[in-house]
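Undergrad: Structure, please.
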Amino acid sequence: MAGSLSASQSKQIFGLPIALIWGYIAIAFFMTGDGIEQAFLSKYIVDLGFSTQQASLVFSVYGFTVAIASWLSGVLAELVGPRRTMIFGFILWIVFHIGFLTLGLEQENFAMMITMYGIRGIAYPMFIYGFVVWIAYAAPKQKLASAMGWFWCMYSVGMGVFGTYLPSFSIPAIGVMGTLWMAIVFIAIGGFMAMFLIKDNFDSYKKETNAENSKFREVLRAITIAYENPQIAIASVVRIINQISLFGFVVILPIVFIDQIGFTMSEWLRIWGAVYATTIFTNLMWGILGDRIGWVRQVRWFGCIGMAIATLLFYYLPMSIGPNMWVGLFVAIFFGFAIAAFVPMSAIFPTLEPNHKGAAVSMHNLSAGLSNFVGPALATAIVPIAGVEGTIWAFTILYIFGFILTYFMKVNQPMNKFIDENHSMEIAK
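TA: Sure, this is the predicted structure:
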C-alpha cells in the first residue's frame, strides 16, 4: 500500500501515476468487454424479430441508467472507496450480462432484455468513473490533466479500438452469442486487476486532505453542487457540449456518407473507427499539453473552436469532393484531434471543488452521460425541420456557445513552471 500522498504523487511518468498503472490497464480491458457489442447488438436484436424501435428502446433504457450511474459513481467512490466501487461495478456487470444473454437474448424475451441490459448499464460507470475519483486524488495537481489524458487513452483503446474491431474476427469464428460470452473474459481480467493489482491506498489521500464529511452531506452535495458552485454549473454545460457531435453524428452521418456521398458500409466504419483510433494518442497528447499551456485555454481554442471547425469539415468536405477515402480519413482524424482537446475537463471539475472531489467528479460524469442524450436528441429533433445541414450548424453554434462560456470559467489551475512564465509575460504586457 502507498504510505503517503507525497510519496505516491512523486512517482509519475508523463503525468501517469505509477501507483495506479494497473488501474489504467484494467480500464482498457474492462472497456474492451463493455464495448464489444456496440457495433452489432442493435442489428442482432432486429434479426431476432424485434422492431428497430424496440432495439432503440433497449439502448435508450441503457443510456438512462448509464447517465444516473455516472452521476452517482463519483460520490460513491469517495464514500466507500474507488476499489470497492470498481469491484461492485465489475460483479454487477457480469451478473446482469449473463442474465441479459440467458434470460433475454436466448429466450428472446424483450422485457428481460430491457431489464437486464438496463441494470447492466449501472455497472460500467461505477468501474471507470470510480477510477476517475482515484486519479483525482492520486495524481500530482499540476499533472492532473495528463493523468486524465492517460485514462481517456486507455478508454479509447478498449472501447474504440479493441471493442470495435475484435467482433469482426470473433463473429465469423464463434458467432454473435459466442462473442457476447467472450466479453466476460475481458471484464473479468479488468475486474481482478482492480481487485488485486492496484497497490495504492486511497484512504491515505482522504486523511491528508481532511475530507472527512458525513455521508449524508456528501450525497446531498452531489445533488446540490451545481447550485452551490456556479463554476461547476458552467463547466457542466461545456462538458455536455463536448461530445454532442460525436453522439449526434452516429445518428445522421451513416446515412449521409453511404446513401448521399457514396461510401460503402465498410468504408464508413473504417472512417468512423479512425476517430477513436486517433483519440488513443490525442487524449494523451492533449492531457500533457493542457498541463503546459493551460486547461481552459486549450478547451477554449482547440476544443470548442476546433470542434466547430471539425463538425463543419466532417460534413462539407466529403459532400463537396465525393467518396474519397483519404478525405474521409482526414476529416475523421481532424475530428479526433479536436474532440480530445476537451481532456482537461476531467481535471477542471475536481479542481473547482478540491475538498469535495467525489461530488465534483459525479457532476462531471453526469454531464458526460447527458452528452449521450443531447447529441442524438438534437439530431432527432432538428433533422425533420432543418435537415442534416441545419443539424450540423446547430452543433457548430453550440460549440461557439461553449467557446463563449469558457471566458466565464475561473479555474485555479495548479501552475507549473511553463504556465508561470507565460502568465508572467501576459501580466507584463
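Undergrad: Quick one: distance of stretch 364-380 to the chain centre.
TA: Averaged C-alpha coordinates place stretch 364-380 at 11 Å from its chain's average position (C-alpha atoms, centre = their mean, to the nearest Å).
Undergrad: gap between residue 306 and residue 396?
TA: Between residue 306 and residue 396 the distance, using C-beta to C-beta, to the nearest Å, works out to 12 Å. For every residue, glycine as well, the C-beta is placed using N, CA and C.
Undergrad: what about these two, which has more around it?
TA: Applying other C-beta atoms under 10 Å to residue 306 and residue 396 shows that residue 306 carries more neighbours, namely 23 against 18.
Undergrad: which parts of whichever helix or strand the more buried one is part of are buried?
TA: Taking DSSP states H and E as the definition, one finds residue 306 inside helix 306-321. Counting neighbours by 16 or more other C-beta atoms under 10 Å, one finds that the buried residues in helix 306-321 are 306, 307, 308, 310, 311, 312, 313, 314, 315, 318.
Undergrad: So which other helices or strands are in contact with it?
TA: The elements that helix 306-321 packs onto, with contact taken as 3 or more C-beta pairs under 8 Å, 6 or more residues apart in numbering; DSSP states H and E, are helix 244-255, helix 325-339, helix 357-405.
Undergrad: between those, which one is nearest to residue 298?
TA: Comparing the helices and strands packed on helix 306-321 against residue 298 with C-beta to C-beta, the closest turns out to be helix 325-339 (11.1 Å).
Undergrad: before we move on, back to that, work out the gap between the helix holding residue 306 and the centre of the chain.
TA: When C-alpha coordinates are averaged (C-alpha atoms, centre = their mean), helix 306-321 and its chain have centres 23 Å apart.
Undergrad: now swap in stretch 50-67 and tell me
TA: With C-alpha atoms, centre = their mean as the basis, stretch 50-67 stands 19 Å off its chain's centre.
Undergrad: Same check on stretch 181-198?
TA: Taking C-alpha atoms, centre = their mean, the mean C-alpha location of stretch 181-198 is offset from the chain mean by 19 Å.
Undergrad: got a list of contacts for it?
TA: Around stretch 181-198, the neighbours that count as contacts under C-beta atoms under 8 Å, 6 or more residues apart in numbering are 19-20, 22-23, 25-34, 36-37, 83, 86-87, 90-91, 93-94, 97-98, 101, 127, 131, 158, 170, 174.
Undergrad: can you rerun that using 6 Å?
TA: Contacts to stretch 181-198, defined as C-beta atoms under 6 Å, 6 or more residues apart in numbering, come from residues 22-23, 26, 29-30, 32-33, 36, 86-87, 90, 93-94.
Undergrad: cool, stretch 272-280 as well?
TA: For stretch 272-280, using C-beta under 6 Å, 6+ apart, the contacting residues are 153, 156, 157, 160, 161, 164, 329, 332, 333, 335, 336, 340.
Undergrad: Likewise for stretch 104-123?
TA: Outside stretch 104-123, the residues that touch it by C-beta under 6 Å, 6+ apart are 48, 58, 61-62, 65-66, 69, 89, 92-93, 96-97, 99-100, 103.
Undergrad: Quick check: of those residues, which has the highest neighbour count?
TA: The residue in these with the most neighbours, by other C-beta under 10 Å, is residue 89 (29 neighbours).
Undergrad: In terms of secondary structure, what does the helix or strand hosting it contact?
TA: When secondary structure is defined by DSSP H and E, residue 89 falls within helix 82-99. Secondary structure elements in contact with helix 82-99, counted by 3 or more C-beta pairs under 6 Å, 6 or more residues apart in numbering; DSSP states H and E, are helix 110-120, helix 123-138, helix 163-192.
Undergrad: ok, and for stretch 245-256, which residues are buried?
TA: Of the residues in stretch 245-256, those buried by neighbour count under the rule 16+ other C-beta under 10 Å are 245, 246, 247, 248, 249, 251, 252, 253, 256.
Undergrad: so can I have CSV of these showing pLDDT?
TA: As requested, the buried residues of stretch 245-256 are exported to CSV (pLDDT from 0 to 100):
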residue, pLDDT
245, 92
246, 88
247, 81
248, 82
249, 84
251, 72
252, 79
253, 84
256, 86
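Undergrad: from the residues you listed, which is closest to residue 297?
TA: Closest to residue 297 out of the buried residues of stretch 245-256 is residue 245 (21.3 Å), distances taken as C-beta to C-beta.
Undergrad: just to revisit the earlier point, distance between the helix holding residue 89 and the chain's centre?
TA: Computed by C-alpha atoms, centre = their mean, the separation of helix 82-99 from the middle of its chain amounts to 18 Å.
Undergrad: Check stretch 100-109 too.
TA: Relative to its chain's centre, stretch 100-109 lies at 28 Å (C-alpha atoms, centre = their mean).
Undergrad: Please apply the same query to stretch 256-272.
TA: Averaging C-alpha positions (C-alpha atoms, centre = their mean) puts stretch 256-272 25 Å from its chain's average.
Undergrad: Could you do stretch 17-34 as well?
TA: On C-alpha atoms, centre = their mean, the centre of stretch 17-34 falls 14 Å from the chain's centre.
Undergrad: swap in stretch 71-84?
TA: When C-alpha coordinates are averaged (C-alpha atoms, centre = their mean), stretch 71-84 and its chain have centres 17 Å apart.
Undergrad: now stretch 108-126
TA: Relative to its parent chain, stretch 108-126 has a centroid offset of 20 Å by C-alpha atoms, centre = their mean.
Undergrad: Specify which residues of the stretch 1-150 of the chain, grouped into ranges, have pLDDT under the cut-off.
TA: Low-confidence segments of the stretch 1-150 of the chain (pLDDT under 70): 1-10, 12-15, 39, 52-53, 56.
Undergrad: Please repeat the previous calculation with a cut-off of 80.
TA: 1-17, 38-43, 46, 51-57, 59-60, 63, 74-75, 78, 140-143 (pLDDT under 80).
Undergrad: what's the closest of the contacts of stretch 272-280 to residue 137?
TA: Within the contacts of stretch 272-280, the smallest distance to residue 137 is 19.7 Å, found for residue 153 (C-beta to C-beta).
Undergrad: among the helices and strands packed on helix 82-99, which is the most enclosed?
TA: Sort the helices and strands packed on helix 82-99 by mean neighbour count, taking mean count of other C-beta atoms under 10 Å, and helix 123-138 sits at the top with a mean of 27.
Undergrad: And the very next helix or strand once past that one, what's buried?
TA: Moving toward the C-terminus from helix 123-138, the next helix or strand (DSSP H and E) is helix 144-155. Within helix 144-155, the residues that qualify as buried by neighbour count (16+ other C-beta under 10 Å) are 144, 145, 146, 147, 148, 149, 150, 151, 152, 153, 154, 155.
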